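Visitor: coordinates only, sequence not included:
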């Protein structure tokens with residue numbers, strides 16, 4: 001059971017439990033600014049045409065049988081496969097093929 005944040009003591013939090021303004025621990029990630037600058041550098045160095053060429057090269061590698069390239073393309077287009085639901089309550093779907 002979760003306790004409500006204390007409202008009777010100055011603990012640096014607001015009434016909803018979040019860090020209040022002025023709390024020295026609630027300043028966020030100190031490296032976020034550096035990460036932003038590095039990402040901005042990449043964004044400014046790579047054009048849309050560059051991305052199209054790069055993705056095209058990965059697609060071509062996948063078509064030629066490169067499994068790693070195929071995995072990248074499939075994960076970014078149709079997503080990672082989720083867990084398969086077992087509808088029959090047990091056993092493998094391969095077991096059901098034997099009874100056909």
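Guide: Alright, I've got the coordinates. What you see is a predicted model; the values in this text were computed from it and never measured. Residues are numbered from 1 along each chain as shown.
Visitor: Run through this structure and note the low-pLDDT ranges.
Guide: 1-10, 84-100 (pLDDT under 70).
Visitor: Would you mind giving the domain segments of the chain?
Guide: Segmentation of the chain into domains, based on automatic domain parsing, reads 11-45, 47-80.
Visitor: Save those as CSV, and put in mean neighbour count too.
Guide: For glycine as for every other residue, the C-beta is placed from the backbone atoms N, C-alpha and C. Below are the domains of the chain laid out as CSV (neighbours: other C-beta atoms under 10 Å):
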stretch, mean neighbour count
domain 11-45, 10
domain 47-80, 12
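Visitor: any idea how far stretch 19-29 is from the chain center?
Guide: 26 Å (C-alpha atoms, centre = their mean, to the nearest Å).
Visitor: And for that stretch, what's in contact with it?
Guide: Stretch 19-29 is contacted from outside by 12, 13, 14, 18, using C-beta atoms under 8 Å, 6 or more residues apart in numbering.
Visitor: and of those, the nearest to residue 41?
Guide: residue 18 (32.2 Å; C-beta to C-beta).
Visitor: how about the nearest residue to that closest one, chain neighbours excluded?
Guide: Nearest residue to residue 18, sequence neighbours excluded (C-beta to C-beta, 6 or more residues apart in numbering): residue 26, at 7.6 Å.
Visitor: what's the spacing between that neighbour and residue 19?
Guide: 3 Å (C-beta to C-beta, to the nearest Å).
Visitor: do the same with residue 62
Guide: 46 Å.
Visitor: got it, and residue 78?
Guide: Applying C-beta to C-beta, the value for residue 78 to residue 19 is 40 Å.
Visitor: Kindly report the same for residue 63.
Guide: In terms of C-beta to C-beta, residue 63 sits 51 Å off from residue 19.
Visitor: any chance you could map the helices in the chain?
Guide: Along the chain, the segments classed as helices by DSSP state H run 32-45, 48-63, 67-77, 93-98.
Visitor: export the ones you listed to TSV and tack on distance to residue 83?
Guide: Converted to TSV, those look like this (distance: least, C-beta to C-beta, whole Å):
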stretch	distance to residue 83
helix 32-45	32
helix 48-63	25
helix 67-77	16
helix 93-98	14
